[in-house]
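Visitor: Just to be clear, the model below is a prediction. Sequence and coordinates:
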Protein chains: 2
Amino acid sequence: MTKPSRPGTAIHEKGQRRVEDILDAAVRVLIEDGYAMFTMRRIADAADMRLSNLQYYFSTKEDLLNALLQRTVDIYDASLAALAQNRTGTPQMKFRRMIEYLLQDQTDKDSCIIFWELWAIAGRDAAVAAIMNAYYDSYLDKMSEAIRAAAPSMPKRLAQRNAGVIVALIEGASLLRGFGKPRRTSLAGYERAIIGLCEQLAADSLSVRPSNEPGIP
Amino acid sequence: MTKPSRPGTAIHEKGQRRVEDILDAAVRVLIEDGYAMFTMRRIADAADMRLSNLQYYFSTKEDLLNALLQRTVDIYDASLAALAQNRTGTPQMKFRRMIEYLLQDQTDKDSCIIFWELWAIAGRDAAVAAIMNAYYDSYLDKMSEAIRAAAPSMPKRLAQRNAGVIVALIEGASLLRGFGKPRRTSLAGYERAIIGLCEQLAADSLSVRPSNEPGIP
DNA sequence: CTATTATTTGGTCATCTGACATAATTTGTC
DNA sequence: GACAAATTATGTCAGATGACCAAATAATAG
């Protein structure tokens, strides 16, 4: 009669699958209804199970949220890692693929909404903030490595700092061009401008910047 | 005995003050407890009044949220407008003051948390999204004007696009260096780098960029 | 097959929630 | 002071919420 109560306690295959079902449902609720509607009952409904069964796997709402968050950032981190490991093309092309992937991801409704939601939760919940910060550390590391591969002569310190600038630029861009944002005619060529600027930040200061590229001054 | 029920119905001075008290309390609740805890009772407590009294001023939670949001963005918009109107110094100095003010504001807990919260709500609530989008339109306009003042030869289109880049960069930076974020040693000189990049984006392409400035390549 | 464990179910509990109704009180105006 | 409008207080209502519990069923191991 001892209650397992913890997500890792799902030992058998069915239990593992059930945990995944629950997390899938929880993500759906968070995205479609927001954190205010992120209730155990609603998640149980979305996962097509009884409340008490959901609570068998995650005894508290907090447990569930943390597991959901960890799985989510792990998925995004893995995507970045896969991109970073892809060895085809020059380092410059690899860097550009990375930027284009990140910008492309912003057109996805789920990606936008879940990160906006997580930023907000992290502002108040220390446990969530810790996981998010670890994710951004990893994100910055990968970006920094991509820069150093593309611009070998750049000092490590500068590459790290420029990685911070790029990440800020990209994440911030989701607020202007992400899901649900108006198509601002004033921002024609916006994506190209961002890509160009990122490439400038990942270029050796020795190399000559192409001056025939329109956009950035 | 007809219930006024709407926020504008507070005609007398005391009523006006009461509405302000309510909105102050509501902001406090939103910042300290988050949207999930943004309940009428909690706000009434924070405003030191009874629930029914709060409901006299804002008959629904939705009314209260919209009023709160509108007042909040109006305040930020007014701050930006005041900065834009300040005529002391060169346009370049004025532009830099604007950037530094925006970055400085990110060290404020309330500013960070309330915007993170509003971004999340806007992702699901169309009414909130509309107000936020209008705010960012105004924000972009002011930034674009500041750029054009500092770099008169820059085409309007390019100034608008660069304003978008700058706004994205600054808003995104709050996620890396805003309230509650770790002091990442890898990002030493981060603020200077951002300011430098913004100034580059607000410079005439004709003018020579100072090459003795460290940081950006 | 049976003993054991894993999973699922139905139900209770105190508390909170938004909305509403009604009466009492204060305030401004004539 | 009278009178109406504006403000505040008390109370009710159905429904939702997180946590908890005991028992029933399904799956697995010995």
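Guide: Alright, I've got the coordinates. Residues are numbered from 1 along each chain as shown, chains lettered A, B, ... in the order given.

Visitor: Contact partners for A:Leu23?
Guide: By CB atoms under 8 Å, 6 or more residues apart in numbering or on different chains, the residues touching A:Leu23 are A:67-68, A:71. C-beta: built from backbone N, CA, C; applies to glycine.

Visitor: repeat that with 10 Å
Guide: Counting by CB atoms under 10 Å, 6 or more residues apart in numbering or on different chains, A:Leu23 makes contact with A:7, A:43, A:47, A:57-58, A:64, A:67-72.

Visitor: A:Ala44 is in contact with A:Phe38, isn't it?
Guide: No - in this structure, A:Ala44 is not within contact of A:Phe38 by CB atoms under 10 Å, at 12.0 Å.

Visitor: Give me the neighbour count for A:Ala36.
Guide: 15 (other CB atoms under 10 Å in any protein chain shown).

Visitor: picking up where we left off before, could you name every residue contacting both of A:Ala44 and A:Phe38?
Guide: Common neighbours of A:Ala44 and A:Phe38 (CB under 10 Å, 6+ apart) are A:26, A:29.

Visitor: before we move on, the earlier item: JSON lines please, covering the contacts of A:Leu23 and showing distance to B:Arg87.
Guide: Shown next, in JSON lines, are these (distance: CB to CB, whole Å):
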{"residue": "A:Pro7", "distance to B:Arg87": "60"}
{"residue": "A:Ile43", "distance to B:Arg87": "56"}
{"residue": "A:Ala47", "distance to B:Arg87": "60"}
{"residue": "A:Tyr57", "distance to B:Arg87": "63"}
{"residue": "A:Phe58", "distance to B:Arg87": "59"}
{"residue": "A:Leu64", "distance to B:Arg87": "55"}
{"residue": "A:Ala67", "distance to B:Arg87": "55"}
{"residue": "A:Leu68", "distance to B:Arg87": "51"}
{"residue": "A:Leu69", "distance to B:Arg87": "48"}
{"residue": "A:Gln70", "distance to B:Arg87": "52"}
{"residue": "A:Arg71", "distance to B:Arg87": "53"}
{"residue": "A:Thr72", "distance to B:Arg87": "48"}
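
Visitor: Quick check: ChimeraX command selecting the buried ones in the residues you listed.
Guide: Those of the contacts of A:Leu23 that count as buried under 16 or more other CB atoms under 10 Å in any protein chain shown are selected in ChimeraX with:
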select /A:7,43,47,57,58,64,67,68,69,70,71,72
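
Visitor: Among the contacts of A:Leu23, which are located in helices?
Guide: Of the contacts of A:Leu23, the ones assigned to helices by DSSP state H are A:43, A:57, A:64, A:67-72.

Visitor: Now do the helices in chain A.
Guide: Under DSSP H, chain A gives helices at A:13-33, A:40-46, A:51-57, A:61-85, A:91-105, A:109-122, A:126-150, A:156-177, A:190-201.

Visitor: lowest confidence element among the helices and strands of chain A?
Guide: Counting by mean pLDDT, DSSP states H and E, chain A has its least confident helix or strand at helix A:13-33, which shows a mean of 89.

Visitor: for it, the distance to its chain's centre please.
Guide: 18 Å (CA atoms, centre = their mean, to the nearest Å).

Visitor: Let's see it as PDB, backbone CA atoms only.
Guide: Written as PDB, here are the backbone C-alpha positions of helix A:13-33 (Å, rounded to 0.1, in the frame of the first residue of the first chain):
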ATOM      1  CA  GLU A  13       6.900  -0.200 -19.400                       C
ATOM      2  CA  LYS A  14       3.300   0.900 -19.100                       C
ATOM      3  CA  GLY A  15       4.100   3.200 -16.200                       C
ATOM      4  CA  GLN A  16       6.900   4.900 -18.200                       C
ATOM      5  CA  ARG A  17       4.400   5.400 -21.100                       C
ATOM      6  CA  ARG A  18       1.900   6.700 -18.700                       C
ATOM      7  CA  VAL A  19       4.300   9.300 -17.400                       C
ATOM      8  CA  GLU A  20       5.000  10.400 -20.900                       C
ATOM      9  CA  ASP A  21       1.300  10.700 -21.600                       C
ATOM     10  CA  ILE A  22       0.900  12.800 -18.500                       C
ATOM     11  CA  LEU A  23       3.700  15.100 -19.500                       C
ATOM     12  CA  ASP A  24       2.300  15.400 -23.000                       C
ATOM     13  CA  ALA A  25      -1.100  16.300 -21.600                       C
ATOM     14  CA  ALA A  26       0.400  18.800 -19.100                       C
ATOM     15  CA  VAL A  27       2.300  20.600 -21.900                       C
ATOM     16  CA  ARG A  28      -0.900  20.800 -23.900                       C
ATOM     17  CA  VAL A  29      -2.800  22.300 -21.000                       C
ATOM     18  CA  LEU A  30       0.000  24.800 -20.200                       C
ATOM     19  CA  ILE A  31       0.100  25.900 -23.800                       C
ATOM     20  CA  GLU A  32      -3.600  26.000 -24.500                       C
ATOM     21  CA  ASP A  33      -4.900  27.200 -21.200                       C
END
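
Visitor: and it with helix A:61-85, angle?
Guide: 90 degrees (axes from the mean of the first three to the mean of the last three CA atoms, to 10 degrees).

Visitor: Give me the angle between helix A:13-33 and helix A:109-122.
Guide: Using the same axes, to 10 degrees: helix A:13-33 against helix A:109-122 is 90 degrees.
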